[in-house]
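Asker: structure of the sequence below:
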Amino acid sequence: MRKVLCILTFIIMSFLNYSVGIFVENYDIKYGKVYFGEEEIIGVDINTFTILNNEYAKDNNNLYYGAKKIDGVDINTFNILGYKYSKDKNHIYCGEIVMDGVDVDSFVTLGKDHLGRVNDAYSKDKYRAYYVEKPLEELDLSTFQVLDNQIARDKYNIYYLGYKLLNIDINTFEYIGESCNPTSNCIFPFSKFKDKNGIYNTSDQSFVQKHVQL
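Answerer: Sure, this is the predicted structure:
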């Protein structure tokens, strides 16, 4: 359940935090207490509390993702890899959650968002690729390519939010690009691509039902 929440949180927060300066929550110190949004961080050492970015903070004893303490992290080797991922000498973290079975030394984040900024929805190590913390199954890693923060491909399949797409002709697949509705301040971008059968838009209501293998 926690891993599912990690994926859902990433999808929602990445669109919001990467869209023209819109931030959902922030750290704040007031009345001698530390908050993330409206939630108080309990047990924090306010004298050594340091904000690392919009999502991460630390004090002398702990590291925090939002208001949640990252358990068991090695503070001396901790490093933020991007919007969602971080690492220490022992583990890769998705938010505050340890990603199981990931090779720490070869792990890298991949991709950019629709405005050209680093987006770490997709990542990989020397064994497999991931969408947030979800491993992509039956993937050809040698041909894996991230096209935008939603779409990726290898020589066999197209992936949307880490899920294989059905009824897409891989041999005639052509990526068109990522766009957004200007009236929404580009908060929720969508991807467009085509094959011999037609043009596809991930914002279409029927897209997931017809093409996403859940």
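
Asker: now the spatially most central residue of the chain: which helix or strand?
Answerer: Centroid-nearest residue in the chain: residue 121, 3.2 Å away (criterion: Cα atoms, centre = their mean). Using DSSP states H and E, residue 121 falls within strand 118-124.

Asker: next: residue 155.
Answerer: Residue 155 belongs to no helix or strand when elements are defined using DSSP H and E.

Asker: tell me the pLDDT at it?
Answerer: On pLDDT, residue 155 comes in at 95.

Asker: contacting residues for the residue nearest to it when sequence neighbours are not counted?
Answerer: Distances taken as Cβ to Cβ, 6 or more residues apart in numbering place residue 143 nearest to residue 155, at 4.2 Å, with adjacent residues excluded. Placement of C-beta: from N, CA and C, glycine included. The contact partners of residue 143, taken as Cβ atoms under 8 Å, 6 or more residues apart in numbering, are 153, 154, 155.

Asker: touching, the last one and residue 138? I think so.
Answerer: No - applying Cβ atoms under 8 Å, one finds residue 155 not in contact with residue 138, separated by 11.8 Å.

Asker: hmm, back to that, so what strands line up beside the helix or strand following the strand holding residue 121?
Answerer: Where DSSP H and E defines the elements, the next helix or strand beyond strand 118-124 is strand 129-131. In the sheet, strand 129-131 lines up against strand 118-124 (antiparallel), strand 134-135 (antiparallel) (DSSP bridges).

Asker: all set, thanks.
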